[in-house]
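Enquirer: Here is a sequence with its predicted model. Questions after.
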There are 6 protein chains.
Amino acid sequence: MSSCPPDEVRRNRGSEPRSGHVRMVDVTEKPVVYREAVAEGFLHLRPETLERILRGEVRKGDVITVSKVAAILAAKQTPQLIPLCHPIPITHVETEIVPDREKSGVFVRVRVRTRAQTGCEMEALVACATALLTVWDMVKEYEKDEKGQYPDTWVEYIRVVEKVKVEG
Amino acid sequence: MSSCPPDEVRRNRGSEPRSGHVRMVDVTEKPVVYREAVAEGFLHLRPETLERILRGEVRKGDVITVSKVAAILAAKQTPQLIPLCHPIPITHVETEIVPDREKSGVFVRVRVRTRAQTGCEMEALVACATALLTVWDMVKEYEKDEKGQYPDTWVEYIRVVEKVKVEG
Amino acid sequence: MSSCPPDEVRRNRGSEPRSGHVRMVDVTEKPVVYREAVAEGFLHLRPETLERILRGEVRKGDVITVSKVAAILAAKQTPQLIPLCHPIPITHVETEIVPDREKSGVFVRVRVRTRAQTGCEMEALVACATALLTVWDMVKEYEKDEKGQYPDTWVEYIRVVEKVKVEG
Amino acid sequence: MSSCPPDEVRRNRGSEPRSGHVRMVDVTEKPVVYREAVAEGFLHLRPETLERILRGEVRKGDVITVSKVAAILAAKQTPQLIPLCHPIPITHVETEIVPDREKSGVFVRVRVRTRAQTGCEMEALVACATALLTVWDMVKEYEKDEKGQYPDTWVEYIRVVEKVKVEG
Amino acid sequence: MSSCPPDEVRRNRGSEPRSGHVRMVDVTEKPVVYREAVAEGFLHLRPETLERILRGEVRKGDVITVSKVAAILAAKQTPQLIPLCHPIPITHVETEIVPDREKSGVFVRVRVRTRAQTGCEMEALVACATALLTVWDMVKEYEKDEKGQYPDTWVEYIRVVEKVKVEG
Amino acid sequence: MSSCPPDEVRRNRGSEPRSGHVRMVDVTEKPVVYREAVAEGFLHLRPETLERILRGEVRKGDVITVSKVAAILAAKQTPQLIPLCHPIPITHVETEIVPDREKSGVFVRVRVRTRAQTGCEMEALVACATALLTVWDMVKEYEKDEKGQYPDTWVEYIRVVEKVKVEG
């Protein structure tokens, strides 16, 4: 037996300081209900880059498929990326990636479904952002100017466009 | 308020191109049922390497235990490795690693159990493949020839030998 | 020995189909040079939510610190999120999160440094997006309307504002 | 069809050796019940370091908040860290970090809640240990002596102080 | 100061038992050299499934692209899957997935490059196995018989077909 | 082109608030040197449990091997667990797990080696803590009292017992 009993250890504990406040919401008592969330975002690209995507002439490969895979994997990784998110059993991830010539860029739309005690909008948002950045990564070489900067590339409007919660 | 309202953003969106098709199966409405899957595989090794494993004389350590641990951890990592897999609450992983002198190698057998909306054969397969490759990694030095190649080492027949689904 | 020699296996292999093109850039021969990248983004929030952040009255805790931690961890996770990114040895991540009353939201700015064979703009972008979404996650309850939707919340302009590469 | 039918493969399989025993508990038939666990630990630090934490003068930043975030993320990562742990749907993680001048160090207390087939004490323990080590990491520079050693820094008494299981 | 000095703790420590031997190779003193490894494997499938892959009529999507992405991500995840692998800075992953009508299945070939203190064959093998299992996952529904079993599906011959190490 | 130019976005940005301070140390300019760190810790257990470990009669399996594997994997996971840690190329992890009848428990000792710009004591500490908690997890059933509590189980003295840095 140790000569330094563990019960001793807890004596005289002070009170917690006011700073350093971090609180995960307690969802233990919330019912498991059907949840759905749809997030959308847009990545602005040079018109020439968009044409490359549309013609399948991007050197790194199939931009749309790779970005969809990245979105689905990222949705499942959400509780490790967003610190206060609860792990939820995702039952569906649906991704849509739509090149838009008029706006010169690609739309990403991700729908996530689950039956859980908390919503899945963060999963949809993480997936959407990851898809947008994966597109960017795949076309980097066509977007850089001669100084290696990205004057024409930006993510614009990542939003939750729909959130559903069906009791019972 | 931004001068560029987000509602504006969604105008004129084109239709999705036919390429880039990736679809996670929607299991939201499927019932949670008992599932079990057993995967098996074989790693061919040099007879001398097999004897080392059997005598516990592998320099990197206890091949069988390390490979079983790798299998269990890999089973739990499946939704991050196989892109379209759903996260499922694994309730059991059972591993068996059997050296076989006649065939000169080791069999790996992994059984996974869960109560889930979708099957667990991918979890069993991922665990089985990871165990086989962990065995390989641990005996690498005995399998390499003088040119650093592996003429006698290969994984053979990874299969699902049993899949159970019990309704109700 | 197996009766089915592995050499046999490779006979008659057809040529790869044109679809399914995915190519990680080969950086093996590129020199290790100093790299830096700065990404910026903005999250639009309701003025009341911004005031809560500024007064430290967000129920989930210290929004700015939690989001910075999320950004740093996400930067290190980039090669698992963006499929074609190479693993690089990040040597610095610097985050700045600035509430802006006039624009009603928070700016996030992330600087990443490394000595590597490839740039670190994806690391900066992933960190920036993750910080923005972590802020969103922490103030969700103040941004939802009575129907659980987010009419006033969106991410706007994630960009690479600076990219440095110093040879030698 | 292969000339080497897979059924052939399983012939003559020997029995498993006695070594290499690893067994994940099978919880498939256990009921889902309310579970709670509280873990505590203590990190001894130099009095000067403790004062720095209390005054908010640690160069690496807000020690308490960062450590709480680390604890919450680590709790969710438990099944990847502790090999035989089952994945469980954590519904709450509550962290308390309390500087103690008398004992010269910080207490960490983590409460985890879930409804699951198995307990969550490993999640609480992993979160507690991670918070303690994150505090250490953040104050490293004040704890090292002139030879770069840590004569005054140690983790002391990580324990499970409460474990609750409510049937029905 | 604690009444139970840490120096006390180490007294009387016994010697380590002979069991439980696990040894990561120490590569600290090995030079960083160019390394390359190529792994190959084959997945046997029903002829009808292969035709579906070739015609792009798999319901889950673009089998070849998704499997290549899975391979690349898995290569980077190797040190977490194979316990005694060292983390190495992968500089290239090249994947080839070739449907073969004569053998009724798909070949996977993965080449990995790095400059490191240790070889990259485990990275190539993990990537190859993951690609093969991802193909399987994507065509599961066409391979199952009426009892939900996989009589015609198996992975066959995962091998290292080339390993290069260039000193200097 | 968007009507809302990104340059516009950065106008009027306020200054960062004083709270929310998180700073990863910038090691970009630090030289790569040889580093080594040794961490030690102790887990107190019931004498009967210790005897079970020594006789190899723990139902969950080979406690020492499983815990060593957990330690090695955790060392490699450190930058994801300790937020401000830099990723470093670990070149060696050596673990020792020693049952001690006199003190009634097991010692864990982990040595980590690397050539890096920053030390590896956090890697050694994370590995040590993970091994200690893995031992605990494997003998849980023998340590619980009739109320499911752990009156005799605690981690004690996790320390860095040696830290080496060799310039040049």
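Expert: The structure has been received and is ready for your questions.
Enquirer: Does A:E96 lie in a helix or a strand, and which?
Expert: Here A:E96, judged by DSSP states H and E, is contained in strand A:90-100.
Enquirer: what does chain A have sitting close to chain B?
Expert: A:34, A:40, A:42, A:54, A:56, A:62-65, A:67-69, A:72-73, A:76-77, A:87, A:89-103, A:107, A:113-115, A:156-157, A:159, A:161 (CB under 8 Å from any CB of the partner chain). For every residue, glycine as well, the C-beta is placed using N, CA and C.
Enquirer: do whatever helix or strand A:E36 lives in and chain D meet?
Expert: Element membership of A:E36 [criterion: DSSP H and E] is strand A:33-44. No. Strand A:33-44 is not in contact with chain D by CB under 8 Å from any CB; minimum separation 14.0 Å.
Enquirer: could you say what helices and strands that strand packs with?
Expert: For strand A:33-44, the packing partners by 3 or more CB pairs under 8 Å, 6 or more residues apart in numbering or on different chains; DSSP states H and E come out as strand A:105-116, helix A:121-143, strand A:154-166.
Enquirer: how many degrees apart are that strand and strand A:154-166 in direction?
Expert: Between strand A:33-44 and strand A:154-166, the angle comes out at 170 degrees (axes from the mean of the first three to the mean of the last three CA atoms, to 10 degrees).
Enquirer: thinking again about what came up before, I'd like to know which of the residues of chain A next to chain B are buried.
Expert: The neighbour count (16 or more other CB atoms under 10 Å in any protein chain shown) marks A:34, A:40, A:42, A:54, A:56, A:62-65, A:67-69, A:72-73, A:76-77, A:87, A:89-100, A:103, A:107, A:113-115, A:156-157, A:159, A:161 as buried among those.
Enquirer: For beta bridges, what are the partners of the residue nearest to A:A124 when sequence neighbours are not counted?
Expert: Sequence neighbours aside, A:A39 is the residue nearest to A:A124 in space, at 3.8 Å (criterion: CB to CB, 6 or more residues apart in numbering or on different chains). Note on A:A39: beta-bridge partners A:V110, A:V160, judged by DSSP bridges.
Enquirer: From B:C85, how far off is A:A39?
Expert: Separation of A:A39 from B:C85 (CB to CB, to the nearest Å): 22 Å.
Enquirer: so what's the residue nearest to the spatial centre of chain A up against?
Expert: Centroid-nearest residue in chain A: A:V126, 0.5 Å away (criterion: CA atoms, centre = their mean). By CB atoms under 8 Å, 6 or more residues apart in numbering or on different chains, A:V126 lies in contact with A:A74, A:A75, A:Q77, A:T78, A:L81, A:I82, C:T130, C:L133.
Enquirer: mind checking how far the first one is from B:M122?
Expert: Relative to B:M122, A:A74 is positioned 19 Å away (CB to CB).
Enquirer: ok, back up a step: of A:A39 and B:C85, which one has the most company?
Expert: A:A39 (31 against 24; other CB atoms under 10 Å in any protein chain shown).
Enquirer: Contacts only, for the more buried one.
Expert: A:R109, A:V110, A:E121, A:A124, A:L125, A:A127, A:C128, A:I158, A:R159, A:V160, A:V161.
Enquirer: go again using 7 Å as the cut-off
Expert: Applying CB atoms under 7 Å, 6 or more residues apart in numbering or on different chains to A:A39 gives the contacts A:V110, A:E121, A:A124, A:L125, A:C128, A:I158, A:R159, A:V160, A:V161.
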